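>>> task: produce atomic coordinates for the following.
(2 chains)
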Protein chains: 2
Amino acid sequence: MNLSIRQATEQDIPAIHDLVVELAVYEKAADQVSATVEDYVKDFSENHFECIVAVYEKEIIGIMLYYNTYSTWKGKMIYLEDFVIKEAYRHKGIGQQLFDEFLRICKGKGAKMAKWQVLDWNIPAIRFYEKNKALIEKNWWNVKVSLVK
Amino acid sequence: MNLSIRQATEQDIPAIHDLVVELAVYEKAADQVSATVEDYVKDFSENHFECIVAVYEKEIIGIMLYYNTYSTWKGKMIYLEDFVIKEAYRHKGIGQQLFDEFLRICKGKGAKMAKWQVLDWNIPAIRFYEKNKALIEKNWWNVKVSLVK
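Model prediction:
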């Protein structure tokens, strides 16, 4: 499979947004996505996030979207916000290639740790992270306050 | 109680580190804190985080440490990494004053949402967040990969 992995550019934003929505549908949360393609374009230009994309025959079939963040316990940290492989392309090792590239980038940034979240019922994802020797913590709850009406 | 709340400066970093460690002890995770005062000074100077402090009689008795982050569902988001009131000063409303100031700052930054985490057994904190009408999500697990030996 002739796959390439590269940093996203502004031209990739609509495809990235599509894959974020595809993941939100899978996570039964499509109604929670209010950020638009236009928001992404603006926020990407202001460096609020970075993204690597997996490209097959000129189509974006996978993304890992992440940003710099901070752990007061460890120091510089990367947060992985979205990791999506288009449904038709799963179980082909593409996720592993993206994940390996992501860890390479994190190390290059001098980050002490990478962190993300997984839904407690998403068994395929949990197995993938366990296979990659990630630490899974089940005792923290998320707390959120919406700042818009 | 003559309390003032203000943005942290570099001079406050040792006191901030002390309070992060005090919280980590309470969270039974003191052994996980490897970031030092020197790390904080460098990372603060590089804008990896911001912090507001509650000051009483020239002593820092409370902190909220946060940074800009991103939600692909909502857009610009603030992550609250640490929220600590020194033990002797709890139950005096100081946390509420800090929390109100934190939300004011988040709105001023144009953030769509503020997010943080709480341990599932930390009932006083959970009650505080419920009282403040925060949404608590119990179905996400944290996943971490350490990038240092």
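>>> max-length strand in chain A?
strand A:59-71 (DSSP state E).
>>> what residues sit buried inside that one?
The neighbour-count criterion (16 or more other Cβ atoms under 10 Å in any protein chain shown) identifies A:60-71 as the buried residues of strand A:59-71. Placement of C-beta: from N, CA and C, glycine included.
>>> same question for stretch A:135-149.
Buried residues in stretch A:135-149 (16+ other Cβ under 10 Å): A:140-145, A:147.
>>> which of those residues lies closest to residue B:28?
residue A:140 (12.7 Å; Cβ to Cβ).
>>> out of everything not next to it in sequence, what's closest to the residue nearest to the spatial centre of chain A?
Among the residues of chain A, the one closest to the centroid is residue A:82, at 2.2 Å (Cα atoms, centre = their mean). Excluding its sequence neighbours, the residue lying closest to residue A:82 (Cβ to Cβ, 6 or more residues apart in numbering or on different chains) is residue A:65, at 4.2 Å.
>>> OK, contacts around the one you found?
A:16, A:20, A:49-51, A:80-83, B:72 (Cβ atoms under 8 Å, 6 or more residues apart in numbering or on different chains).
>>> next: residue A:2.
A:56-57.
>>> quick check: the gap between it and residue A:83.
22 Å (Cβ to Cβ, to the nearest Å).
>>> again with residue A:66
In terms of Cβ to Cβ, residue A:66 sits 9 Å off from residue A:83.
>>> what is in contact with the two at once?
Contacts common to residue A:66 and residue A:83, judged by Cβ under 8 Å, 6+ apart, are residue A:102.
>>> three-state assignment of the residue lying closest to residue A:71 once chain neighbours are set aside?
Of all residues not flanking residue A:71 in the chain, residue A:77 sits nearest, at 4.4 Å (Cβ to Cβ, 6+ apart). Here residue A:77 is recorded as strand under DSSP: H, G, I helix; E, B strand; the rest coil.
>>> for residue A:77, give me its contacts.
A:68-71, A:111-115.
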